[in-house]
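Enquirer: here are the coordinates; sequence isn't available:
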């Protein structure tokens, strides 16, 4: 068995502490060699909590000679600079989604990785959820026949408090709820249906990160055009999930748990439901249950074998391109005024 | 001269509406104060500066209230932290020479089933210990003491709050979709509500009006709305749902009483046993079990100051959604009291800006635009609403 990869987790915020570090520590294929964050105390706290002694640094350049790979979990607008520093030093990168805050930033990362022949994977961990994998497989096999339309929504009253509060700033995010929440679905959609031919988009940004966004996406197809909608919110609770109308029936998936099933309500028997689930893997081929752990396995395999990771930097750039396309046709969502009778009152 | 107003709890429903209202006026220097970034999207989308402060930390409050003429408290900390946070906030406002402090109380201070006397603010409060109403009452007492010490304070006392994105209306909608909201009798019981726009208007009025003596002032829509009215107004956006049932008053009382009973030891044991892997691991590890018991006792009995020596001043936990308690809506129908707005009208000059009919019409319009009701894709989205209604425990 080969030596474990020496890996650094760069950014010691909530996603690193809660998901990446536990995945690294649970993996026999990697060793947590370094924790990096400008706020060093956060690194020390994580190390103390897990009883580990990695190299701790405030700047990624301090650890570049000591690592083979890096997980970059810093605020979005910093991905570009941190990833380039790693890639130029020959370090493989798993970069949290989105790949960068701009298309140009993402392009630069992808190009640098190709030039340096290192792996640049994007942390769309939700691609490793069983139901998402299964839907992708079944769509690719045309199992459902023609897909006529789909709808996706995800809405919560806030939630997710990253340590740095970068989500209050549009530039740090590279957008708003479309990036923070919608980017997962955008990644699936691109993998399942390709790049849409026409988009419409509305959001409620008044200069800051939008809290609500609605998109319509049209895909020209030989047989029948496909139209889908995406509804995202950080202020309104919307039952999360994906639904599509197909020849076989209505297919749905509740996007609220990694253990969610795909449900088919057959078109010829609408009063029953069929649960579609991946067959259990043989024991010898069993894999971790968590999507972050699975993502790490995929990343390590790519680093060791040179095979492409499930979500490459080029795919990450496609997600950024679609987000850019949506923002470029933006129209405002209707505003509901807090002063219903302002005019009458002042008159 | 532009007045500086700090709104604590600005990421919430009331605080957010108030901040937007004050910004729309254009005559205030507004400091929206939030606890955590994750819930502040409504205001963040405006690209304005948001102030962050934890009410458990006096120095953070001090920085925000410095130079403020008016401070509004719309925060909603967890129960036991309501009292210390109100103390911290009023103390810092007093020290900073704030000219007007507006605090949000709740009709919950009069208990779940208030007496008829609770038509007026002077009724005896009777919220049971360790309930939300009890902690709000303790806050009110703190504010009243602060008023006596020289902090001009107005305490507004709203019922359940409606308006765009109202949690209460979502709760009623969900209950209707699940068939979990029977009307008590013929549904003619009073339903006292306030649209968040009306409440924000009252808060603004309190900047300049009112006795500022820390006494409570009822604020509501001031209409004879019934539960039947509420159900009828929401029914057009309920969708495919079972018909609304009806139960008698006695049956409703028994239902609510049953839901309020505590656990028997056997029920508690079953519930704990069902809480997943973590609990199982702790239970099967004698050392961990001993530690868990010690921690529990320590957190329960350890003197707060002593605990702070070891653990530091605890930060306030961010607000999170509670699981639904359907009996609550039946209990609300048994309150049977209309709280009168006479004091608000006389002392604040309060007049509701939205009628109940306008309020619910606006809510429906908003629900269609933001939740997709009636849109082309609604039949697909309904699959998700329907599945959630069918599978969520409650």
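Expert: Arrived safely, thanks for sending. These numbers were taken from a predicted model, which means no experiment stands behind them.
Enquirer: contacts only, for residue B:53.
Expert: Contacts for residue B:53 (C-beta atoms under 8 Å, 6 or more residues apart in numbering or on different chains) come out as B:8, B:33, B:34, B:35, B:60, B:61, B:63, B:64. (Glycine included, C-beta is placed from N, CA and C.)
Enquirer: cutoff 6 Å now
Expert: Residue B:53 makes contact with B:33, B:60, B:61, B:64 under the criterion C-beta atoms under 6 Å, 6 or more residues apart in numbering or on different chains.
Enquirer: against chain A, how distant is the first one?
Expert: If I follow you right, that is residue B:33. According to C-beta to the nearest C-beta, to the nearest Å, residue B:33 stands 13 Å off from chain A.
Enquirer: can you check the last one too?
Expert: Spatial separation of residue B:64 from chain A under the definition C-beta to the nearest C-beta is 16 Å.
Enquirer: wait, that residue touches residue B:32, no?
Expert: No. Counting by C-beta atoms under 6 Å, residue B:64 sits too far from residue B:32 to count as a contact (10.0 Å).
Enquirer: okay, those two: which has more neighbours?
Expert: Neighbour count, other C-beta atoms under 10 Å in any protein chain shown: between residue B:64 and residue B:32, residue B:32 has more, with 27 against 19.
Enquirer: related to what we said a few turns ago, next step: the contacts of residue B:53 restricted to strands.
Expert: Of the contacts of residue B:53, the ones assigned to strands by DSSP state E are residue B:33.
Enquirer: just confirm residue B:134 is within a helix.
Expert: Yes. Residue B:134 forms part of a helix when assessed by DSSP: H, G, I helix; E, B strand; the rest coil.
Enquirer: contact partners for it?
Expert: Contacts of residue B:134 (C-beta under 6 Å, 6+ apart): residue B:127.
Enquirer: state the distance from it to chain A.
Expert: 25 Å.
Enquirer: what of residue B:359?
Expert: 9 Å.
Enquirer: burial count for that residue?
Expert: So residue B:359, with other C-beta under 10 Å, has 28 neighbours.
Enquirer: so which bits of the stretch 101-250 of chain A are right by chain B?
Expert: Contacts of the stretch 101-250 of chain A with chain B, taken as C-beta under 6 Å from any C-beta of the partner chain, map to A:151, A:158-161, A:165, A:167-168, A:204-211, A:229, A:231, A:234-236, A:239, A:241, A:243.
Enquirer: go through those and flag which are in strands.
Expert: Using DSSP E, those in strands are A:151, A:229, A:231, A:239, A:241, A:243.
Enquirer: so in terms of bridging, what pairs with the last one?
Expert: Read that as residue A:243. residue A:151, residue A:252 (DSSP bridges).
Enquirer: tell me the pLDDT of it.
Expert: pLDDT, residue A:243: 97.
Enquirer: from what I can see it touches residue A:253, true?
Expert: No. Applying C-beta under 6 Å as the test, residue A:243 and residue A:253 come out as separate, 7.9 Å apart.
Enquirer: next up, phi/psi of residue A:330, please.
Expert: Backbone torsions of residue A:330, given as degrees, to the nearest 10, read phi -60, psi 140.
Enquirer: which ones are touching it?
Expert: The neighbourhood of residue A:330, defined by C-beta under 6 Å, 6+ apart, consists of residue A:201.
Enquirer: try it again with 10 Å
Expert: A:178, A:200, A:201, A:202, A:203, A:205, A:210, A:213, A:215 (C-beta atoms under 10 Å, 6 or more residues apart in numbering or on different chains).
Enquirer: looking at those residues, spot the one nearest residue B:237.
Expert: Of all those, residue A:202 has the smallest distance to residue B:237: 20.3 Å, by C-beta to C-beta.
Enquirer: enumerate the residues of the stretch 1-150 of chain B near chain A.
Expert: B:11-13, B:16-25, B:34-50, B:52 (C-beta under 10 Å from any C-beta of the partner chain).
Enquirer: and if we set it to 6 Å?
Expert: Checking the stretch 1-150 of chain B against chain A by C-beta under 6 Å from any C-beta, the hits are B:17, B:20-21, B:24, B:36-39, B:41-42, B:44-47.
Enquirer: and the residues you listed, which are buried?
Expert: Listed as buried from the residues of the stretch 1-150 of chain B next to chain A are B:17, B:20, B:21, B:36, B:37, B:38, B:39, B:41, B:42, B:44, B:45, B:46; burial here means 16 or more other C-beta atoms under 10 Å in any protein chain shown.
Enquirer: nearest residue to the second one in space, ignoring adjacent ones along the chain?
Expert: Same thing as residue B:20. Nearest residue to residue B:20 in three dimensions, chain neighbours excluded: residue A:338, at 4.0 Å (C-beta to C-beta, 6 or more residues apart in numbering or on different chains).
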